[in-house]
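Asks: can you look at this prediction? I've put the sequence above it.
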Amino acid sequence: MKSVVNLVLLVGLSAVTLAADKDLKVGWADKVVIASEDGTIRLEIGGRIHNDWAFMGSDQAIQDPFGNLEDGVEFRRARIHIGGELYRHTEFRIQYDFSSGEAEARDVYLGFKDIPVLGGVRIGQFKEPFGLEELTSSNDIPFMERSLMNALAPSRQTGIMLHNSGAGDALNWAGGVFRESDDTGTGTGDNNYSLTGRISGSPWYADEGRRLLHLGFSASYRSVDDQVVRFSTRPEAHLAPTFLDTGLIGADSYQLQGVEGAVQLGSFSLQSELSRASVDRLAGSGADFQGFYLQGSFVLTGEHRSYKRSSGAFGTVKPRNNFMNGSGGLGAWETSIRFSRLDLNDQEIVGGIQEDITLGLNWYLHPNLRIMWNYVHADLESVGDADIFQMRFQVNF
C-alpha cells in the first residue's frame, strides 16, 4: 500500500510542480484542476471519504440464521484519484481505495478519444457498461447503497471497451470484452471472459436537463472458468450480513439482461430498472433469477439531479445556496424513497426472496459535502424482517 500512496503523491507533486510553468494554471471545479492555457493538457486530482454509521434490529427469526445484527461504523470508501487528458485525445485515470487498510484498484485505465467512426477506446480496469444505477457514481446515488437488484449487475473488471455518442449526445453506446480480475486488476485462467454492452439515450431533454426522459438496455454474456457462479447480497446496508445467497452453482456460462428508465421533471425524478440472470448449468435445466427497483426523489429546495447525456448517467445535486455562505444559505435538501425486490429462488436453488423499502434524506451542504440518513425495512420472505437506520458523512472532490 505504501508504494501506491507514494506513487499517487509523486504524481500529484509533479502536477503541482508543473503548474509553476507559465503555460499551466491551477483552478478549482469541485476538484483540483491543472490545465495548460491551450487546453491540450488537463489534470484532475480528487478523492472521496464515506464514513458510515448503522443501527440495526431484527426479528428473532432473522437472528437464528444470521446472528444478532450489530450496530457498527466503517469507512465505506476512502479513495484518491488522479486523471485527466493529455494532448486532447488521450485520457487516463488512477484511483485506489484504502478503506480496507490495503490499496485496492477501483479505476486504473488509459484511453483514446475522438477516434473517427469508433469514438473512444478505453483499456484497463473500470466498470463494465451495464445499468443506470451501477454507472452512477457512489457520490451521486440518492441512497447510501445501491438496490437489491444490483446483485445481478457486473461492476469493475479489466477489459477493452469502445464507446461513442451521437444525435447530439441524445444516444450513446458502449461495448467491450472483459475478463474477471481482482482488486489489483489481475486475473488468470483460460476463461472468465465476458462480452458486455449498453445502449441508452435521452430522447427528450429540455431546460438543460431539468426535464428529461432516459431509456436504456444492457446485456452481458459471461463464461465461467472454475465452473461455478454465485449471486448474493446484503439488505442495502453494507454493515449488515448477507441475507440472500444462491451458494455455488455449477455452470459454464450465464447471461445478464437489464432494462432501465428514468424521468425528471424539475426537482422530481423517477427511476427504475429490471435485471435478469440466466445461468447455463452443468447439470439440469437452466436457472433464472430476477430483480427490480423503483425509486423516486424530490429536492425540497428546488434544485435537480444533474445528468450527463454523453454517458447516460445521473450526477449530483448542486446547491444554489451553500450552507453558511454568509447570506443564510441552507444548502440543498433531497428526500427519496425506493422499493426493491430480488428473487434468487429457482427450482432446487433457494437463494431467498427479499423486498426492501428504503427512505432517504440527503443534505448537500455544498457541492463537496453531503450528509445522508437512510431507513431500510428488509423483508426476507418466509424468514422475517429487519430494520436498519444508517447515516453517512461524505466528502468528495
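Replies: Great, that's in hand.
Asks: the strands in the stretch 101-250 of the chain, which residues?
Replies: With strands called from DSSP state E, counting those that start in this stretch, the stretch 101-250 of the chain shows them at 104-115, 119-127, 156-166, 171-179, 193-206, 211-223, 228-229, 232-233, 244-245, 249-265.
Asks: put together JSON lines for these, with distance to residue 279 and mean neighbour count on each row.
Replies: No exception for glycine: its C-beta is placed from N, CA and C like everyone else's. Below are the strands of the stretch 101-250 of the chain laid out as JSON lines (distance: least, CB to CB, whole Å; neighbours: other CB atoms under 10 Å):
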{"stretch": "strand 104-115", "distance to residue 279": "28", "mean neighbour count": "17"}
{"stretch": "strand 119-127", "distance to residue 279": "22", "mean neighbour count": "19"}
{"stretch": "strand 156-166", "distance to residue 279": "18", "mean neighbour count": "19"}
{"stretch": "strand 171-179", "distance to residue 279": "18", "mean neighbour count": "20"}
{"stretch": "strand 193-206", "distance to residue 279": "14", "mean neighbour count": "19"}
{"stretch": "strand 211-223", "distance to residue 279": "10", "mean neighbour count": "19"}
{"stretch": "strand 228-229", "distance to residue 279": "6", "mean neighbour count": "16"}
{"stretch": "strand 232-233", "distance to residue 279": "14", "mean neighbour count": "19"}
{"stretch": "strand 244-245", "distance to residue 279": "15", "mean neighbour count": "20"}
{"stretch": "strand 249-265", "distance to residue 279": "4", "mean neighbour count": "19"}
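Asks: now these as TSV including distance to residue 34?
Replies: Shown next, in TSV, are those (distance: least, CB to CB, whole Å):
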stretch	distance to residue 34
strand 104-115	18
strand 119-127	22
strand 156-166	25
strand 171-179	28
strand 193-206	32
strand 211-223	33
strand 228-229	44
strand 232-233	40
strand 244-245	45
strand 249-265	33
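Asks: which of the ones you listed sits closest to residue 58?
Replies: Between residue 58 and the strands of the stretch 101-250 of the chain, the shortest gap by CB to CB is with strand 244-245, which sits at 14.8 Å.
Asks: what strands flank that closest one, and is each parallel or antiparallel?
Replies: The strands beside strand 244-245 in its sheet (DSSP bridges) come out as strand 232-233 (antiparallel).
Asks: so what touches the partner strand?
Replies: 148, 150, 151, 242, 243, 244, 245, 246, 342, 344, 351 (CB atoms under 8 Å, 6 or more residues apart in numbering).
Asks: before we move on, what about stretch 268-275?
Replies: With CB under 8 Å, 6+ apart as the test, stretch 268-275 has contacts from 131-133, 147, 149, 152-153, 256-264, 290-298, 304-305, 314.
Asks: which of the residues in that stretch are buried?
Replies: Across stretch 268-275, burial judged by 16 or more other CB atoms under 10 Å covers 269, 271, 272, 273, 274, 275.
Asks: export only the CA atoms of it, formatted as PDB.
Replies: Provided in PDB are the C-alpha atoms of stretch 268-275 (Å, rounded to 0.1, in the frame of the first residue of the first chain):
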ATOM      1  CA  PHE A 268     -38.700  15.400  -9.000                       C
ATOM      2  CA  SER A 269     -37.200  12.300 -10.600                       C
ATOM      3  CA  LEU A 270     -38.400   8.800 -11.000                       C
ATOM      4  CA  GLN A 271     -36.100   5.900 -11.900                       C
ATOM      5  CA  SER A 272     -36.500   2.100 -12.400                       C
ATOM      6  CA  GLU A 273     -34.600  -0.900 -13.600                       C
ATOM      7  CA  LEU A 274     -35.300  -4.600 -14.200                       C
ATOM      8  CA  SER A 275     -32.400  -7.100 -14.400                       C
END
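Asks: pLDDT of it, averaged?
Replies: Averaging pLDDT along stretch 268-275 yields 98.
Asks: tell me the gap between it and the middle of its chain.
Replies: 15 Å (CA atoms, centre = their mean, to the nearest Å).
Asks: pLDDT weak spots in the stretch 101-250 of the chain?
Replies: The model of the stretch 101-250 of the chain has no residue with pLDDT under 70.
Asks: would you turn the contacts of strand 232-233 into a markdown table with distance to residue 361?
Replies: Formatted as a markdown table, the contacts of strand 232-233 follow (distance: CB to CB, whole Å):
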| residue | distance to residue 361 |
| --- | --- |
| 148 | 21 |
| 150 | 21 |
| 151 | 25 |
| 242 | 26 |
| 243 | 24 |
| 244 | 26 |
| 245 | 31 |
| 246 | 34 |
| 342 | 24 |
| 344 | 30 |
| 351 | 32 |
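Asks: can I get the buried part of those residues as one PyMOL selection?
Replies: Burial among the contacts of strand 232-233 is assessed by 16+ other CB under 10 Å; the matching PyMOL selection reads:
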select buried, resi 148+150+151+243+244+245+246+342+344+351
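Asks: before we move on, back to that, ok, so of the buried residues of stretch 268-275, who is nearest residue 363?
Replies: residue 269 (17.6 Å).
Asks: list the beta-bridge partners for that closest one.
Replies: Bridge pairing for residue 269 - DSSP bridges - gives residue 264, residue 297.
Asks: rewinding a little: from the contacts of strand 232-233, which is closest to residue 362?
Replies: For the contacts of strand 232-233, the nearest to residue 362 is residue 150 (19.0 Å; CB to CB).
Asks: that closest one contacts residue 132, doesn't it?
Replies: No. Judged on CB atoms under 8 Å, residue 150 makes no contact with residue 132 at a distance of 10.7 Å.
Asks: would you check how far apart the closest residue in space to residue 187 that isn't next to it in sequence and residue 193 are?
Replies: Spatial nearest neighbour of residue 187, chain neighbours left out: residue 181 (3.7 Å); criterion: CB to CB, 6 or more residues apart in numbering. Distance check for residue 181 against residue 193: by CB to CB, to the nearest Å, it reads 11 Å.
Asks: which residues does the nearest residue to residue 235 once chain neighbours are set aside contact?
Replies: Excluding the flanking residues, the one nearest residue 235 by CB to CB, 6+ apart is residue 378, at 3.7 Å. By CB under 8 Å, 6+ apart, residue 378 lies in contact with 235, 236, 240, 243, 354, 355, 356, 385, 386, 387, 388.
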